[in-house]
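[1] Pasting a predicted model and its sequence here:
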Amino acid sequence: MKKTKSMYLRQVSVMLGLIALCMVLLGAGFFSLAYRYQLEEIKDTLDRNAGFISSYANAALTKGDSLTEEDFVTYIRSAVLLSDTTVLVCTTEGEIFCAAGSNLDRETFTVPLQNVSVPSWAVNQLLKTGSYSGMTSFNQLLSGRCYVTGLVLSPLVQDSSGELVSSGIPAGLLFVAADTTAVLDFLQNTVQLFFITALAVLLISLVIISITVQKMVDPLKGMCAFAHKFAHGEVDARITEYANRSDEIGELAAAFNAMADSLAQAEQKRSEFVANVSHELKTPMTTIAGFADGILDGTIPPEKERESLQVISSETRRLSRLVRRMLELSRLQSSERVAAQEQFDAAEVLLRVLVSLEAKITEKALDVQTELPDGPVMVWGDPDAVTQVCYNLLDNAVKFAAHGGRLTLKITTKGGKAYIAIGNEGETIPPQQLTHIFDRFHKADTSRSTHKDGVGLGLYIVKTLLNTYKEDITVTSQDGFTEFTFTLSEV
């Protein structure tokens, strides 16, 4: 549960963090752009006003008028009223002799002006570069923070072409300032509104994200609970609440149910396997113990002891075969690799196995009929594994064939596959048994129950070996003739 809760918190935190980051970046970009735009507007306005005043002052200086005359002062006051700016005119040393505007500190700027000067750093920069601009209050000469533009005033002279140009001789300094308090207040109010809006968005997002993530986490919690139930032995537990969803949760629920079905089947097969093994081991062990006890306690007379010992020996060998087959089957099932395949003659392997069973065939007087190609049938595979397949099938065919019956071996080729068929005449296997004939320990049909030498693993091993090489095997049984056919890939 802790991991699920941590996942919920991580998802909510990440989503809210992304939303907050996006809003911060968007807000920072918007405010930066708005601030720069407002300052550019103020700067352009001040540059125009400063240009107009500078032109008028330069023209007056050219005519020999003084900047302290009433006409110039009146012009400055009119310009201030029209443009809502503050104008300072000073000497090249910075001493102010004309000031007008709403941003003047009235306690400092008394009429007439006495010992009021622009800071030296502003004067020096203006004289050095010919212009000045920036946010300042001129050491509290101006009320509030203002954006200030400065120009040098000088008389005009005619150049060689007769046009009037600046003489370059400073006769005074002009500073035009505009109050930025309104701009800063607007930005401050906008920032406050933005943060309130951002907080509301984050709260709404928190609710929506919490509900969404909770709906994602709840199915996982439910599946985790089902997994715990399944792990504690409730193999019938299935997820039904989310199985009909058409999204990934539904797919996960369907996959979980499929896995549970597969594990339940595997558990059932395991239980059946244990029961079958127990049964197969119990029968011969009971027989061995019974005859041994009979010999020891004298229940079996001395003249019957040899016969009883033969039964004990037969059952012991049966136990040995069962254990050997089970070990062989375990190796096949646990192996994760396929033996290196090579080319070999399938007909030669089949005939070699047939020769090895000659004694059993002769004992039952079987009529062996073969339909083999004239030349070799070259196939891919593991010769040892195919030999075991052929031996198991032929041994079964001989074992369950009727005395004096027919035993058939046939090899045909088609579509890049070699089909090896082994058949025998005997009792017909019922159709309901054919679907289980390759199961482990399957000996339920009458024909096999009479043969106690079998352990019911031969055909299962055959199918396991062939499936390892992606080959197939089929069986038919009609009118007293049973035939097994398996495939191998041709070279």
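    That came through fine. Numbering: from 1, shown residues only.
[2] The stretch 351-491 of the chain: strands as residue ranges?
    Along the stretch 351-491 of the chain, the stretches classed as strands by DSSP state E, counting those that start in this stretch are 367-371, 378-381, 406-414, 417-425, 473-478, 481-489.
[3] in the third one, what counts as buried?
    Residues of strand 406-414 classed as buried under the neighbour-count rule (16 or more other C-beta atoms under 10 Å) are 406-411. (Each C-beta comes from the backbone N, C-alpha and C, glycine too.)
[4] so who does residue 191 touch?
    27, 31 (C-beta atoms under 8 Å, 6 or more residues apart in numbering).
[5] thinking again about what came up before, any chance of a markdown table for the strands of the stretch 351-491 of the chain, columns distance to residue 312 and mean pLDDT?
    What follows is those, written out as a markdown table (distance: least, C-beta to C-beta, whole Å; pLDDT from 0 to 100):
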| stretch | distance to residue 312 | mean pLDDT |
| --- | --- | --- |
| strand 367-371 | 35 | 91 |
| strand 378-381 | 40 | 89 |
| strand 406-414 | 33 | 92 |
| strand 417-425 | 31 | 93 |
| strand 473-478 | 35 | 90 |
| strand 481-489 | 33 | 92 |
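[6] Format the ones you listed as JSON lines; extra columns: distance to residue 313.
    Output for the strands of the stretch 351-491 of the chain, formatted as JSON lines (distance: least, C-beta to C-beta, whole Å):
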{"stretch": "strand 367-371", "distance to residue 313": "31"}
{"stretch": "strand 378-381", "distance to residue 313": "37"}
{"stretch": "strand 406-414", "distance to residue 313": "29"}
{"stretch": "strand 417-425", "distance to residue 313": "28"}
{"stretch": "strand 473-478", "distance to residue 313": "33"}
{"stretch": "strand 481-489", "distance to residue 313": "31"}
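[7] The closest residue to residue 352 other than its chain neighbours and residue 355, how far apart?
    In space, and not counting its chain neighbours, residue 352 is closest to residue 387: 7.4 Å by C-beta to C-beta, 6 or more residues apart in numbering. Per C-beta to C-beta, to the nearest Å, residue 387 is found 12 Å from residue 355.
[8] the more surrounded of the two?
    Higher neighbour count among residue 387 and residue 355: residue 387, with 16 against 8, using other C-beta atoms under 10 Å.
[9] what's the spacing between that one and residue 351?
    Between residue 387 and residue 351 the computed distance is 11 Å (C-beta to C-beta).
[10] now do residue 150
    Using C-beta to C-beta, residue 150 is found at 115 Å from residue 351.
[11] And the most centrally placed residue in the chain, how close does it get to residue 230?
    Geometric centre of the chain, nearest residue: residue 248, 12.3 Å, by C-alpha atoms, centre = their mean. Counting by C-beta to C-beta, the separation of residue 248 from residue 230 is 21 Å.
[12] Ok, residue 52 next?
    Taking C-beta to C-beta as the criterion, residue 52 is separated from residue 230 by 88 Å.
[13] The two: which has the busier surroundings?
    Taking other C-beta under 10 Å, residue 52 and residue 230 do not tie; residue 230 has more neighbours (18 against 15).
[14] Please name the nearest non-neighbouring residue to residue 366.
    residue 407 (4.5 Å).
[15] hang on, the one you found packs against residue 399?
    No: proximity of residue 407 to residue 399 does not meet the contact threshold set by C-beta atoms under 8 Å, at 11.0 Å.
[16] mind checking the SS state of residue 66?
    Here residue 66 takes the coil state, with states given by DSSP: H, G, I helix; E, B strand; the rest coil.
[17] Run a quick neighbour tally on it.
    Counted with other C-beta under 10 Å, the neighbours of residue 66 add up to 12.
[18] And for residue 46?
    Using other C-beta under 10 Å: residue 46 sits among 22 other residues.
[19] same question for the helix or strand residue 261 falls within, mean pLDDT?
    With elements taken from DSSP states H and E, the one containing residue 261 is helix 248-297. Averaging pLDDT along helix 248-297 gives 78.
[20] next one: stretch 22-30
    The pLDDT scores in stretch 22-30 average 85.
[21] Near residue 40, how many other residues are there?
    Using other C-beta under 10 Å, residue 40 has 10 neighbouring residues.
[22] And it, what's its pLDDT?
    84.
[23] Residue 385 too?
    82.
[24] right, and it touches residue 462 too?
    No: at 9.8 Å, residue 385 does not count as touching residue 462 under the criterion of C-beta under 8 Å.
[25] Might you report the residue contacts of residue 206?
    By C-beta under 8 Å, 6+ apart, the residues touching residue 206 are 12, 16.
[26] Phi first, then psi, for residue 382.
    Per-residue torsions, residue 382: phi -100, psi 110 (degrees, to the nearest 10).
[27] do you know how far it is from residue 457?
    From residue 382 to residue 457 the distance is 19 Å (C-beta to C-beta).
[28] more neighbours, these two?
    A direct count of neighbours by other C-beta under 10 Å for residue 382 and residue 457 places residue 457 higher, at 24 against 18.
[29] Residue 357 versus the more buried one, what's the distance?
    According to C-beta to C-beta, residue 457 and residue 357 sit 19 Å apart.
[30] Could you do residue 374 as well?
    Residue 374 sits 24 Å away from residue 357, going by C-beta to C-beta.
[31] of those two, who's got more company?
    Using other C-beta under 10 Å as the criterion, residue 374 and residue 357 rank with residue 357 on top: 19 against 5.
[32] I'd guessed that one sits against residue 394; true?
    Yes: the pair residue 357 and residue 394 qualifies as a contact (C-beta under 8 Å) at a distance of 5.6 Å.
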